[in-house]
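Visitor: the following block contains a protein sequence and its predicted model.
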Amino acid sequence: MSNKAMSVSSLQKMKAAGERFAVLTAYDATFASLLDECGVEVILVGDSLGMVVQGGTTTLPVTVDDIVYHTRAVSRGSKHALIMADMPFMADATPQQAVQNAGRLMKEGGAHMVKLEGGASQVEVVRRLSELGIPVCGHLGLQPQSVHKLGGYKVQGRDEAAAESILNDSRKLVEAGADMLLLECVPAALAAQVTNAVTVPVIGIGAGAQTDAQVLVLYDMLGITPGHRPKFTHDFMTGNGSIAEAIRAYVSAVKSGQFPAEQHCFH
């Protein structure tokens, strides 16, 4: 990792140059510092902490205070990575709520960008945040905050109408001012189509190898998550002698296009 801090513009330049970048979650200063040293360009303080840190069964109980607390810790440990913080469930129900809560994540937590779930319904929220200079990452496909509405953790966009909706939503979010998109659990071909259709970087998780970046939950990548692990994850600790080596192996695999492999993708 160079001494230069990552920014929205530097990530956009990487997309333009066809250079992939690596994203991982972190929730504390120690791991944030390690990810920084190992070349991870973006650290996501995800509401996944509700499950992997707090032990919940969904992300829904996570509060803005929780995300502020963990983002502040991560921002103390990271010197170079762009820090992206999740807007938790119902934190962005209206543009006014979104502005207030995103402002807290940046002012109190030290986030450089916020991520929010939802498609066309979030256009006004994204537009207002963008107008105020708050960088936004839109989250499409499987949206964990809507797990009860979706009927579980299922691949999204498999039929033609659903795929077209995700593609249209991606364009609308970018037109509204989104600086980045994240696609979760969608067919690889659809993710490639979205990536080629928008000018902003697209991060994938369970979305094939043709996106501009990949993200995994840190504990999944280290193979320490208890119970069932999603198809799109890979244990990078296997064959590596330390956590740092595993993180570097992940970064290298993402940048070279070796991860995700076929067995990690949906069709």
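Guide: Thanks, I have the structure now.

Visitor: pLDDT-wise, which helix or strand of the protein ranks last?
Guide: helix 147-150 (a mean of 61; mean pLDDT, DSSP states H and E).

Visitor: list the buried ones in the helix or strand following that one?
Guide: Using DSSP states H and E, the next helix or strand after helix 147-150 towards the C-terminus is helix 160-176. For helix 160-176, burial by neighbour count (16 or more other CB atoms under 10 Å) applies to Ala162, Ala163, Ser165, Ile166, Leu167, Asp169, Ser170, Lys172, Leu173, Val174, Ala176. All C-beta atoms are positioned from the backbone trio N, CA, C, and that covers glycine.

Visitor: please apply the same query to stretch 260-267.
Guide: Pro260, His264, Cys265, Phe266.

Visitor: find the nearest non-adjacent residue to the first one, please.
Guide: In space, not counting the residues next to it along the chain, Pro260 is nearest to Ala209; the distance is 5.4 Å by CB to CB, 6 or more residues apart in numbering.

Visitor: ok, the one you found - contacts?
Guide: Ala188, Gly257, Phe259, Pro260, Ala261, Cys265 (CB atoms under 8 Å, 6 or more residues apart in numbering).

Visitor: how near is it to Ala261?
Guide: Remark: distance between Ala209 and Ala261 (CB to CB, to the nearest Å) = 8 Å.

Visitor: show the subsequent helix or strand relative to the strand or helix carrying Leu105.
Guide: Applying DSSP H and E as the criterion places Leu105 in helix 95-107. Per DSSP H and E, the first helix or strand lying C-terminal to helix 95-107 is strand 113-117.

Visitor: how close does the residue nearest to Pro260 get to Glu262?
Guide: In terms of CB to CB, Ala209 sits 9 Å off from Glu262.

Visitor: Thr233 touches Leu216, doesn't it?
Guide: Yes: using CB atoms under 8 Å, Thr233 is in contact with Leu216, at 6.0 Å.

Visitor: which one of those two is surrounded by more residues?
Guide: Leu216 (25 against 18; other CB atoms under 10 Å).

Visitor: show me where the chain has its strands.
Guide: Here the chain has its strands, by DSSP state E, at 21-25, 42-45, 82-86, 113-117, 136-141, 180-184, 202-205, 213-216.

Visitor: how about JSON lines for these, with distance to His228 added?
Guide: Output for the strands of the chain, formatted as JSON lines (distance: least, CB to CB, whole Å):
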{"stretch": "strand 21-25", "distance to His228": "18"}
{"stretch": "strand 42-45", "distance to His228": "21"}
{"stretch": "strand 82-86", "distance to His228": "22"}
{"stretch": "strand 113-117", "distance to His228": "22"}
{"stretch": "strand 136-141", "distance to His228": "19"}
{"stretch": "strand 180-184", "distance to His228": "17"}
{"stretch": "strand 202-205", "distance to His228": "16"}
{"stretch": "strand 213-216", "distance to His228": "15"}
